[in-house]
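**Q** got a sequence here, can you model it:
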Amino acid sequence: MPSLTRRRALLTAASGIAALAGCSSEADLPMIDRRSDRNRIEDYEARRVRNEDGAVLFAQGAELPTPSDEGRGRYARHGRSVVVAEGGLAELTFGDVQEAEGLRSFVTETDFDSSSVYLLSMPVEACYEIRLRSATVEWDELKRDDLHPHADFCRTHRPADVECSVEETHTVGFAIRLPVAAEQSSGMGRGMSSSCRPSPRGEYFNATVTPAGGGGGE
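**A** As a prediction, the model looks like this:
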């Protein structure tokens, strides 16, 4: 009888599905709702940072763009990358600011034999904050050792006692450590809600999210 793959077992545990005792095959796994090709990860960790100068936190390649650059400079604060191995850090350049270092350190502390990291950065108006609501992965892609993570966020006003200017733009960054190993990642996604109120179906906010650096967090 074929054995349960290690990565499938990790995802099963991370998704909150009870592991089966004894020898198991993939056919023995509990039934999963196939109406969606994503599985919610409940047991993830995340680092959140906010840079009030609007600095670029990280970028693919050796060159770090600036918001004033021609062409892609307009999108310089946007970034997404999935790191599945220690060597993946060499493909990224992090900004020379405390918040970027916080993200980099979080990635370097990862055990890639059992985990992967989804990095994201994005601009946000100074009077708003962005919160991480949930993280999911695509089950079918992971079966082929190809991790496709998806992160859902929401946008809301900052507390009334926070001084801010509607003309300023900050940069927020997230490093999400997923308790699932993979050989590669050829795709990723994110969603953004205009409200952080719980949905009628309910949202999970039970992951460990640690603010770090810059402007008092989110």
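**Q** now the element after the helix or strand of the chain with the lowest mean pLDDT, going C-ward?
**A** When the helices and strands of the chain are scored by mean pLDDT, DSSP states H and E, helix 6-14 comes last with a mean of 54. Per DSSP states H and E, the first helix or strand lying C-terminal to helix 6-14 is strand 38-41.
**Q** elements contacting that following strand?
**A** Under the contact definition 3 or more CB pairs under 8 Å, 6 or more residues apart in numbering; DSSP states H and E, strand 38-41 sits against helix 6-14, strand 128-138. Heads up, the C-betas are built off the backbone N, CA and C, glycines and all.
**Q** am I right that residue 137 is in contact with residue 38?
**A** Yes - with contact defined as CB atoms under 8 Å, residue 137 counts as touching residue 38 (6.7 Å).
**Q** shared neighbours of these two, anything?
**A** Shared contacts of residue 137 and residue 38 (CB atoms under 8 Å, 6 or more residues apart in numbering): residue 150.
**Q** neighbour count winner among those two?
**A** With neighbours defined as other CB atoms under 10 Å, residue 137 and residue 38 compare such that residue 137 has more, 26 against 19.
**Q** the more buried one - nearest residue in space that isn't next to it in sequence?
**A** Nearest non-adjacent residue to residue 137, counting by CB to CB, 6 or more residues apart in numbering: residue 149, 5.2 Å away.
**Q** next, the contact list for that neighbour, please.
**A** Per CB under 8 Å, 6+ apart, neighbours of residue 149: 82, 116, 118, 135, 136, 137, 176, 178, 185, 188, 189.
**Q** residues near the fifth one, how many?
**A** What it means is residue 136. Residue 136 has 21 neighbouring residues, counting by other CB under 10 Å.
**Q** mind checking the SS state of residue 82?
**A** Classification of residue 82 using DSSP: H, G, I helix; E, B strand; the rest coil returns strand.
**Q** from the contact counts, what lies against the helix ranked longest in the chain?
**A** For the chain, the helix with the greatest residue count under DSSP state H is helix 98-108. Helix 98-108 sits against strand 45-51, strand 58-60, strand 92-94, strand 116-125, strand 169-178, with contacts defined as 3+ CB pairs under 8 Å, 6+ apart.
**Q** out of those, which is closest to residue 197?
**A** Residue 197 lies closest to strand 116-125 among these, at 18.3 Å (CB to CB).
**Q** state the mean pLDDT of that closest one.
**A** Strand 116-125 carries an average pLDDT of 96.
**Q** could you give the angle of it to helix 98-108?
**A** Calculated by axes from the mean of the first three to the mean of the last three CA atoms, to 10 degrees, strand 116-125 forms an angle of 160 degrees with helix 98-108.
**Q** list the helices and strands strand 116-125 packs on?
**A** Packing partners of strand 116-125 (3+ CB pairs under 8 Å, 6+ apart): strand 79-83, helix 98-108, strand 128-138, strand 149-157, strand 169-178.
**Q** all set, thanks.
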